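Novice: Using only what follows, build the 3D model:
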Amino acid sequence: MAIEALLDAIKAGPAGPSVGAFFDFDGTLIDGYSASALYAHRFRNFEIGPAEMLHTLRATLGGSLSEEGFEELISRGIQGWTGRTPEDIEELGDRLFVQGIAGTLFHGAWRVVKAHQRQGHTVVIATSATRFQVAPMARELGIEHVLCTELESEGGVLTGRLHGRTLWGRGKLAAVQSFAERHDLDLSLAYGYANGDEDVPFLSAIGRPRAVNPQPELALEAQRQGWPAVTFRRGPGRFDPTPALRTAAMYTTLLGAGAVGVVTGLLSGSRRHGIDTATSLFAHVGSAVGDVRVEVMGAPHLWTHRPAVFMINHQSALIDLLVATTLLRGGFTGVAKKEVASVPVIGQLLTLAEFAFLDRADGTQARQALDQASERLARGTSIVISPEGTRSLTPSVGRFKKGAFHLAMQAGVPIVPIVIRNAGELMSRAAKTARSGTVEVFVHEPIVTTGWTKQDLDTAVDRVHGLYRETLEDWPASRERTDEAVRS
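Specialist: As a prediction, the model looks like this:
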């Protein structure tokens, strides 16, 4: 079942909180297993002994686990937390989420979750993982309800034992049925998403089951039962060298384009000409060696008003830079956070490209950086800026800051909202290498800032933020695509 067909079916189906949407976590919402990040942390900190490591290997390589076998496996893993506070383990979960788990979110799964939320459904994560593994993602996705394997605590500390039944196999089925009864949900109307063989009982009790990247036994059962199968794009194999080679080639291209731009500027006597040469060269060659394609709707809006403040949502440093150079081609510079200036290669090249570097912790310096950007606008050079100020962990758009809006208002130039989808899927915030693929872009009509006052800014920020959220959650793919597609 194609994801667009899946989304259309959700939109066409019943709405309201009486309809449940239950999502497994590991392998369904995220690519892989959150326990891998936990085991890696414990291994680095010498918290895993030989006996536990051997037992874990036997369990994971021995085929499908029974509910009792899973309970034994997870019980061994949590014994080392005896005496630690739940807050301590929650802090670890938050850290592991930022460091890696967030980047494994299937962007297709994010779109499905948002489709259910827009329908007003009761969205639930139902997983055999523990709460500290799942809670950070639930908060990020705006999912209120989490059914999971719980840890026992007494007197404010963990006992090293489980609290209640694990949500493995029929344990998950029992938890989902109990939740549905408490919240007056009719499971015959509910949606269920899972990937594991152990999830057959759970999906069998759901009226609209969906097998996501299914394991072998689940795939066979889905075929027998006529359940739709959904495939979310997986990351490259662990031993695939192609992404690393591709990323190295992109960085080499960036360095080479910068060198060519410097020489061009010196020979022509025009620094601007050199910058435009470098950005154009990186756009064409970088996208080719990285096998990254950029498709855009609303491309004419990129050219109707120049100079302008072009706003982009920020998910990936390298991919976002490639997208910006591909779209704008020339006549622009940007604003970036101060830390970027110290990044090897990229920092030096952006400095040569007249980027303004902003320190948000220093109000005076931040104003000076925006003044520099305003001077560029006065000279006819457009500005690219992320109103979020930092890369988001998931496709969700972060909170907008006012600096970009102040800049456009003071310079009297329009804001052009550029909404980038799935750049983070190609290279997430925590990723070291880039994947090949297509980045989709929607360019909205320019927003005129003439006549704005400081009192207008809060309303403008909220309105533009809502525009980004709406576009990302309900991508306008159904609109007639008459605009040009930029493919480099």
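Novice: wait, residue 390 sits on residue 337?
Specialist: Yes. Proximity of residue 390 to residue 337 meets the contact threshold set by Cβ atoms under 8 Å, at 6.7 Å. C-beta coordinates here come from the backbone N, C-alpha and C atoms, glycine included.
Novice: which sections of the stretch 151-300 of the chain are below the confidence cut-off?
Specialist: Along the stretch 151-300 of the chain, the parts satisfying pLDDT under 70 run over 236-239.
Novice: now the helices: where do they sit in it?
Specialist: 170-182, 200-204, 216-225, 242-268, 271-281, 287-290 (DSSP state H, counting those that start in this stretch).
Novice: Centre of the chain to the first one, how far?
Specialist: Taking Cα atoms, centre = their mean, to the nearest Å, the mean C-alpha location of helix 170-182 is offset from the chain mean by 30 Å.
Novice: buried sites along it?
Specialist: 171, 172, 173, 174, 175, 176, 179, 180 (16 or more other Cβ atoms under 10 Å).
Novice: Select, from these, the two members most distant in space.
Specialist: The distance between the two most remote of the buried residues of helix 170-182 (Cβ to Cβ) is 15.2 Å, for 171 and 180.
Novice: Output the helices of the stretch 151-300 of the chain as JSON lines; include the columns distance to residue 75.
Specialist: Shown next, in JSON lines, are these (distance: least, Cβ to Cβ, whole Å):
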{"stretch": "helix 170-182", "distance to residue 75": "14"}
{"stretch": "helix 200-204", "distance to residue 75": "22"}
{"stretch": "helix 216-225", "distance to residue 75": "25"}
{"stretch": "helix 242-268", "distance to residue 75": "37"}
{"stretch": "helix 271-281", "distance to residue 75": "56"}
{"stretch": "helix 287-290", "distance to residue 75": "45"}
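Novice: Quick one: closest of the ones you listed to residue 88.
Specialist: Comparing those by Cβ to Cβ, helix 170-182 comes nearest, at 25.8 Å.
Novice: Counting by contacts, list what the closest one packs against.
Specialist: strand 20-23, strand 122-130, strand 145-154, helix 200-204 (3 or more Cβ pairs under 8 Å, 6 or more residues apart in numbering; DSSP states H and E).
Novice: give me every residue that touches residue 7.
Specialist: Residue 7 makes contact with 111, 112, 115 under the criterion Cβ atoms under 8 Å, 6 or more residues apart in numbering.
Novice: Oh, that last question was meant for residue 83, not what I typed.
Specialist: 157, 158, 160.
Novice: residue closest to the middle of the chain?
Specialist: For the chain, the residue nearest the mean C-alpha position is residue 394 (2.3 Å; Cα atoms, centre = their mean).
Novice: Could you report the separation of it from residue 465?
Specialist: Distance, residue 394 to residue 465, by Cβ to Cβ, to the nearest Å: 16 Å.
Novice: Kindly indicate which of the contacts of residue 7 lies nearest residue 379.
Specialist: Nearest to residue 379 out of the contacts of residue 7 is residue 111 (Cβ to Cβ; 40.7 Å).
Novice: Wait, a helix at the closest one?
Specialist: Yes. Membership of residue 111 in a helix is supported by DSSP: H, G, I helix; E, B strand; the rest coil.
Novice: Is it in contact with residue 3, as I believe?
Specialist: Yes. Using Cβ under 8 Å, residue 111 is in contact with residue 3, at 6.8 Å.
Novice: And those two? Which one has more around it.
Specialist: Legend: neighbour count by other Cβ atoms under 10 Å for residue 111 and residue 3, higher for residue 111 (22 against 18).
Novice: circling back to that earlier point, show me which of the buried residues of helix 170-182 is closest to residue 352.
Specialist: Taking those together and measuring to residue 352 by Cβ to Cβ, the closest member is residue 172, at 55.3 Å.
Novice: Give the closest residue to that closest one in space, chain neighbours not counted.
Specialist: Excluding the flanking residues, the one nearest residue 172 by Cβ to Cβ, 6 or more residues apart in numbering is residue 202, at 4.8 Å.
Novice: quick revisit: now the buried residues of helix 170-182 in CSV, please, with extra columns for distance to residue 331.
Specialist: Below are the buried residues of helix 170-182 laid out as CSV (distance: Cβ to Cβ, whole Å):
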residue, distance to residue 331
171, 60
172, 55
173, 59
174, 62
175, 57
176, 55
179, 55
180, 57
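Novice: for these, which one is nearest residue 285?
Specialist: residue 172 (49.4 Å).
Novice: Identify the residues contacting the closest one.
Specialist: By Cβ under 8 Å, 6+ apart, the contact set of residue 172 is 24, 126, 127, 128, 147, 198, 199, 201, 202.
Novice: just the buried members of the residues you listed?
Specialist: Neighbour-count burial (16+ other Cβ under 10 Å) applied to those gives 24, 126, 127, 128, 147, 198, 199, 202.
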